[in-house]
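Participant: got a structure for you, letters missing:
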């Protein structure tokens, strides 16, 4: 479903052995749902790195789980019907696994690209 939304036939999860899905409350009912779920994803990425795992944030879960096919998958995953009916929203996913190699070094920062305001 994710690849279909992307308009691709490739694996948007990069063949990762583990996928973590993050859901949040209906953003219309809880205005911070997207921000809260995003913070969860970012913290999980930091934690994964700390224990030697590679991670990649995957988008399109919001579009995926808003469809009837996506809601059927939520049911198959055991998510309670009352949460689905209440507007549970896909925030994002993490593809997790052991990296094949060492991370590439960070690119040099752009000179004068930032400003310090005192």
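Facilitator: Nice, I can see it. Worth saying up front: this structure is predicted, and the values here are computed from it rather than measured.

Participant: what's the single longest strand in the protein?
Facilitator: strand 89-97 (DSSP state E).

Participant: ok, the closest residue to residue 54 other than its chain neighbours to residue 16 distance?
Facilitator: Spatial nearest neighbour of residue 54, chain neighbours left out: residue 99 (3.7 Å); criterion: CB to CB, 6 or more residues apart in numbering. In this view, the C-beta of every residue, glycine as well, is placed from N, C-alpha and C. According to CB to CB, to the nearest Å, residue 99 and residue 16 sit 11 Å apart.

Participant: hey, which helix or strand in this protein has the poorest pLDDT?
Facilitator: Taking mean pLDDT, DSSP states H and E as the measure, the chain has helix 2-6 as its least confident helix or strand, at a mean of 92.

Participant: gap between that helix and the chain center?
Facilitator: 14 Å (CA atoms, centre = their mean, to the nearest Å).

Participant: other SSEs contacting that helix?
Facilitator: helix 61-65 (3 or more CB pairs under 8 Å, 6 or more residues apart in numbering; DSSP states H and E).

Participant: which other helices and strands does the helix it packs on contact?
Facilitator: Contact here means 3+ CB pairs under 8 Å, 6+ apart; on that basis helix 61-65 packs against helix 2-6, strand 18-24, helix 68-76, strand 89-97.

Participant: give me that answer again for 6 Å
Facilitator: strand 89-97 (3 or more CB pairs under 6 Å, 6 or more residues apart in numbering; DSSP states H and E).

Participant: relative orientation of the strand it packs on and helix 68-76 in degrees?
Facilitator: 70 degrees (axes from the mean of the first three to the mean of the last three CA atoms, to 10 degrees).
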